[in-house]
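**Student:** sequence unavailable; structure follows:
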């Protein structure tokens with residue numbers, strides 16, 4: 001089991017224990033966060049669905065991201081990620097929303113270098129009570145590794161795939177952190193001796 005699969009299972013277990021639901025808005029990850037979540041047996045108890053909003057128009061028209069913000073700053077911005085998370089939560093009627101936006105490459109976008117990614121979580125008590133939090137991930141494309149004999153195109157695709165995979169991990173990590181930080185406000189739950197939540 002990979003770290004991403006383990007984290008996906010962990011967040012779904014916490015959400016299921018609480019009777020809470022989740023939706024995802026994805027841009028650069030193009031459905032990969034939703035794919036990781038739905039690979040977990042029983043995911044439908046907490047995961048309701050996702051919106052892949054690759055185009056700025058969908059971010060604006062479906063998720064409610066401010067059009068002026070998109071025009072002025074572009075899609076690769078922390079406030080865009082926050083508004084995407086809030087928007088998918090509102091549109092799909094869930095307790096929690098997660099969003100990804102960024103630059104997987106091969107070229108920079110909106111003045112941001114390849115590997116710049118923003119992930120956001122919206123939900124009850126997220127961000128220390130603000131309701132939404134965003135994190136910037138700085139993903140080194142070279143971490144995905146060039147292989148001897150790769151063409152430039154193959155190496156570029158490997159870097160792109162690595163950035164997208166690490167973005168999924170970053171989104172799930174942020175959600176997990178917010179869920180754990182939010183545990184104190186959940187009635188009927190108490191900390192178990194091994195750090196797990198107990199009903």
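**Tutor:** Everything's here; your move. Since this is a predicted model, take the numbers as computed values, not measurements.
**Student:** pull the longest helix from this protein.
**Tutor:** The residue-count maximum for a helix in the chain (DSSP state H) belongs to helix 152-181.
**Student:** would you mark the buried spots in it?
**Tutor:** If you call a residue buried by 16 or more other CB atoms under 10 Å, then helix 152-181 has these buried ones: 155-156, 158-160, 162-176, 178-179. Using the backbone N, CA and C atoms, a C-beta is placed for each residue, glycine as well.
**Student:** same check on stretch 49-64?
**Tutor:** Applying a neighbour-count criterion of 16+ other CB under 10 Å, one finds 49, 50, 51, 52, 53, 56, 58, 59, 60, 62, 63 buried in stretch 49-64.
**Student:** and it, how far out from the chain's middle?
**Tutor:** Chain-centre distance of stretch 49-64: 14 Å, with CA atoms, centre = their mean, to the nearest Å.
**Student:** how about the strands in this structure?
**Tutor:** Assignment of strands within the chain using DSSP state E yields the ranges 22-26, 47-52, 96-102, 116-122, 132-138, 190-191, 197-198.
**Student:** including mean pLDDT and distance to residue 77, could these go into CSV?
**Tutor:** Formatted as CSV, those follow (pLDDT from 0 to 100; distance: least, CB to CB, whole Å):
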stretch, mean pLDDT, distance to residue 77
strand 22-26, 98, 14
strand 47-52, 98, 18
strand 96-102, 98, 8
strand 116-122, 97, 7
strand 132-138, 95, 9
strand 190-191, 25, 36
strand 197-198, 26, 34
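**Student:** what about those, which gets the closest to residue 10?
**Tutor:** strand 197-198 (10.4 Å; CB to CB).
**Student:** next up, the contacts around the residue most central in space within the chain.
**Tutor:** Central residue check for the chain by CA atoms, centre = their mean: the C-alpha nearest the mean position is that of residue 171, 3.2 Å away. By CB atoms under 8 Å, 6 or more residues apart in numbering, the residues touching residue 171 are 24, 29, 33, 98, 99, 100, 119, 121.
**Student:** now with 6 Å, please.
**Tutor:** 33, 98, 100, 119 (CB atoms under 6 Å, 6 or more residues apart in numbering).
**Student:** and residue 105, by the same measure?
**Tutor:** Contacts of residue 105 by CB under 6 Å, 6+ apart are 114, 159, 160.
**Student:** apart from its neighbours in sequence, what residue is nearest it?
**Tutor:** Excluding the flanking residues, the one nearest residue 105 by CB to CB, 6 or more residues apart in numbering is residue 114, at 3.9 Å.
**Student:** just residue 10 next, same as before
**Tutor:** residue 176 (5.9 Å).
**Student:** confidence score at the nearest residue to residue 90 once chain neighbours are set aside?
**Tutor:** Here the nearest residue to residue 90 in space, its sequence neighbours aside, is residue 64; by CB to CB, 6+ apart that works out to 7.0 Å. Among the per-residue scores, residue 64 holds a pLDDT of 98.
**Student:** for residue 64, give its distance to residue 122.
**Tutor:** When CB to CB, to the nearest Å is applied, the distance between residue 64 and residue 122 equals 12 Å.
**Student:** equivalent analysis for residue 23, please.
**Tutor:** Applying CB to CB, the value for residue 23 to residue 122 is 10 Å.
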